[in-house]
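Enquirer: Prediction below, plus the sequence it came from.
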Amino acid sequence: MVQRQTAAKIRKTHRYLGIFLGIQFLLWTISGLYFSWTDIDEIHGDEFRNKNILLQSFDNLLSPTQIKTEDPIQSLELKEIGGNPYYWINDKNLFDAVTGIYKPEITDAEALKIGKKNMSSHLKVKDIEKIKEVGNHHEYRGRPLPAYVISYDHPQNVRAYISVKDGSFQRVRHRSWRWFDFLWMTHTMDYEGRDDFNTILLRAFSLLGLVTVLSGFVLWFISSPTIRKIKK
């Protein structure tokens, strides 16, 4: 009698846990299938990138020691923006590498040239805009702001992001990546920022999932005719 009551409780627990966790298990399965069947290079948008970028050479550059900076130079990078050389100093200030003039930010025309250099030549520009802030679920989250967004006339709704401060090409985003990002959110269960793989919600559902599986094994063990015969 006790065994029947115990089995009934375990069966009931298993059934309700299955209903409660079923939707999330389904999302985990769907997202896992999507991840395993997609090419990560396509998700990154490599097909939209220019794979033959030629590095430009410069001469007669101003010595970095002649540039007037507020702080001592700790890092220095030579950048090409719109065909002209610039020094990116201390990861925060941009200076013309020929004249030494401080450049607060790049123009939209320069951003278009950077986009043309980094993106495939078959893409046609539809629009360009400057963004100063994004939300936790935005496709450009966690990247330098402000930034220029170049939209292209393409079925995949392709967008390129370029940092306004230093003209660095940041990211390519398109419809397949957005699906990947959405499914990644359902996989990690980080519904606030999408990128945290250690959420309390994920841990709780993982533990409940383990309980569901173990309850199924226990239920089989106490109700299996084969096990009963072995006991006898």
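Expert: Happy to help now that I have it.
Enquirer: Please make it C-alpha for all contacts and neighbour counts, starting now.
Expert: Fine.
Enquirer: Next, give phi and psi for K103.
Expert: phi -120, psi 110 (degrees, to the nearest 10).
Enquirer: Please apply the same query to V172.
Expert: Taking degrees, to the nearest 10, you get phi -110, psi 130 for the backbone angles of V172.
Enquirer: And T107, by the same measure?
Expert: Backbone geometry at T107, expressed as degrees, to the nearest 10, gives phi -90, psi 170.
Enquirer: wait, what's in contact with it?
Expert: Residues in contact with T107 (C-alpha atoms under 8 Å, 6 or more residues apart in numbering) are V164.
Enquirer: Give the bridge partners for F95, please.
Expert: Beta bridges link F95 to Y87, Y102, judged by DSSP bridges.
Enquirer: nope, K79 is what I meant
Expert: With DSSP bridges as the rule, K79 is bridged to Y86.
Enquirer: remind me which residues of this protein are low pLDDT?
Expert: Applying pLDDT under 70 to the chain picks out residues 1-14, 16-20, 196-197, 215-216, 218-232.
Enquirer: How are the strands of it distributed by residue range?
Expert: Using DSSP state E, the strands of the chain run over 76-81, 84-89, 93-96, 102-103, 125-131, 147-152, 159-163, 169-173.
Enquirer: spatially speaking, which residue is in the middle of this structure?
Expert: Nearest to the mean C-alpha position of the chain, by C-alpha atoms, centre = their mean, lies D181 at 6.5 Å.
Enquirer: So that one versus N52, what's the distance?
Expert: 28 Å (C-alpha to C-alpha, to the nearest Å).
Enquirer: repeat for R175
Expert: 24 Å.
Enquirer: quick one, helices of the protein?
Expert: Along the chain, the stretches classed as helices by DSSP state H are 2-37, 40-44, 108-118, 175-188, 200-223, 225-231.
Enquirer: what's the spacing between the second one and its chain's center?
Expert: Right, the one you point to is helix 40-44. How far helix 40-44 lies from its chain's middle: 11 Å, per C-alpha atoms, centre = their mean, to the nearest Å.
Enquirer: Please list the outside residues in contact with that helix.
Expert: The contact list for helix 40-44 (C-alpha under 8 Å, 6+ apart) reads 47, 172-173, 176-177, 180.
Enquirer: Just flag the most distant two among these.
Expert: E47 and F180 (16.1 Å; C-alpha to C-alpha).
Enquirer: Between the two, which has more neighbouring residues?
Expert: Using other C-alpha atoms under 10 Å as the criterion, E47 and F180 rank with F180 on top: 17 against 12.
Enquirer: gap between the more buried one and F58?
Expert: 41 Å.
Enquirer: same check, this time on S75
Expert: As judged by C-alpha to C-alpha, S75 and F58 stand 20 Å apart.
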